[in-house]
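K.L.:
Structure for the following, please:
(one chain, ligands or ions: 1)
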Amino acid sequence: MEINSIGIIGAGQMGNGIAHVMALAGYEVRLSDVSQDTLDKAVALIERNLDRQVSRGKISAEDRDAACARIRPTLDVVEVAQTDLVIEAATEQEAIKQKIFDGLLPHLKPNTILTSNTSSISITRLASRTDRPEKFMGFHFMNPVPVMQLVELIRGIATDEETYRACLAVVDRLGKTAASAEDFPAFIVNRVLMPMINEAVYTLYEGVGNVRSIDMAMKLGANHPMGPLELADFIGLDTCLAIMNVLHDGLADTKYRPCPLLTKYVEAGWLGRKTQRGFYDYR
Ligand code: CAA
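P.N.:
Here you go, the predicted model:
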């Protein structure tokens with residue numbers, strides 16, 4: 001099963017990073033979203049991030065130009081469906097992901113592998129509603145995609161070995177490392193990371209520390225590159241809450257109860273960097 005072209009649905013934070021690394025690795029990329037404006041912003045951001053890599057001597061100007069030429073932004077889902085591997089990287093809401101897959105299914109090539117960059121939703125359940133559960137997988141990148149070395153590969157109950165091997169080969173070609181995870185709520189990274197972030201929000205909620213002292217404690221005391229609240233702002237508080245809800249519902253254990261303060265911030269529309277306000281003020 002040779003993969004030459006990649007279709008990416010969703011040109012936001014994760015989708016544009018995935019397009020960036022796929023194009024640099026030599027894949028033909030079709031990047032789609034619902035508005036031209038989002039696509040234009042995504043392409044501009046990819047160019048800026050590639051420029052940064054050129055200026056730091058990570059890649060050559062020729063590599064950058066070739067990567068840009070391999071990315072075709074499109075509003076047409078049919079173009080995406082005609083690729084060898086589709087990665088859905090839309091917002092972390094099951095109903096939205098479902099709608100995207102429903103729209104894609106009639107146009108897919110018979111052999112196309114369908115994947116989701118979901119950070120927590122059941123791969124088995126998403127796969128079961130498609131015509132190809134054996135060719136469906138979780139393909140989960142970390143943010144920022146061009147920098148982070150890991151990709152989690154999650155097999156649903158029906159995923160076949162050929163599909164897994166084809167995805168593993170893509171991860172190898174990206175120069176990244178795959179961690180294989182079983183299909184349980186939030187897989188490995190977010191099963192461990194999100195309760196830590198949620199606990200940091202409880203620490204703030206209960207007045208154990210303030211935003212800066214909590215982050216400083218974890219940066220200097222545990223050698224984390226970012227404090228947990230800064231990281232939550234970076235990931236998006238809505239995404240953090242969605243993942244905590246998946247853990248809470250899926251594992252039915254009160255230890256995964258989302259902190260009420262996290263819920264309140266999301267209700268306020270304070271979603272972190274993307275809305276310029278979260279635990280920190282970026283305005
Ligand atoms: N594209 C390309 N390169 C980028 C980049 C991007 N979007 N963002 C940063 N970089 C590069 C920089 O150019 C720089 O490169 P050099 O080492 O060659 O100089 C390097 O990354 C470090 O960047 P900065 O110097 O600007 O900043 P920093 O040292 O503070 O590092 C960081 C930034 C890499 C984001 C670091 O703070 C970090 O690792 N933070 C933690 C990130 C993390 O935990 N991510 C996982 C989140 S969980 C997740 O994603 C899963 C989920 O489902 C929610």
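
K.L.:
Around the ligand, pick out the residues from the stretch 51-200 of the chain.
P.N.:
Within the stretch 51-200 of the chain, the residues that sit near the ligand (C-beta under 6 Å from any ligand atom) are 52-53, 56, 58, 119, 142-144, 146-148, 189-190, 193. In this view, the C-beta of every residue, glycine as well, is placed from N, C-alpha and C.

K.L.:
so how far is Asn210 from the residue of the chain found nearest the ligand?
P.N.:
The chain approaches the ligand most closely through Ser119 (3.0 Å), counting by C-beta to the nearest ligand atom. Using C-beta to C-beta, to the nearest Å, Ser119 is found at 28 Å from Asn210.

K.L.:
again with Leu251
P.N.:
Distance, Leu251 to Asn210, by C-beta to C-beta: 31 Å.

K.L.:
Then Glu162?
P.N.:
52 Å.

K.L.:
So the protein: which segments form each domain?
P.N.:
5-182, 191-275 (automatic domain parsing).

K.L.:
and the residue of the chain closest to the ligand, what does it touch?
P.N.:
Glu92, His140, Ala186, Phe187, Val189, Asn190, Thr239, Ile243 (C-beta atoms under 8 Å, 6 or more residues apart in numbering).

K.L.:
My reading is that the last one lies in a strand. Confirm?
P.N.:
No - going by DSSP: H, G, I helix; E, B strand; the rest coil, the assignment for Ile243 is helix, not a strand.

K.L.:
Next, count neighbours for Glu182.
P.N.:
11 (other C-beta atoms under 10 Å).

K.L.:
How about Met1?
P.N.:
Met1: 13 neighbours (other C-beta under 10 Å).

K.L.:
any idea how far it is from Arg125?
P.N.:
Counting by C-beta to C-beta - Met1 and Arg125 are separated by 24 Å.

K.L.:
returning to what we had before: what's the most distant pair in the residues of the stretch 51-200 of the chain next to the ligand?
P.N.:
Arg56 and Asn190 (29.2 Å; C-beta to C-beta).
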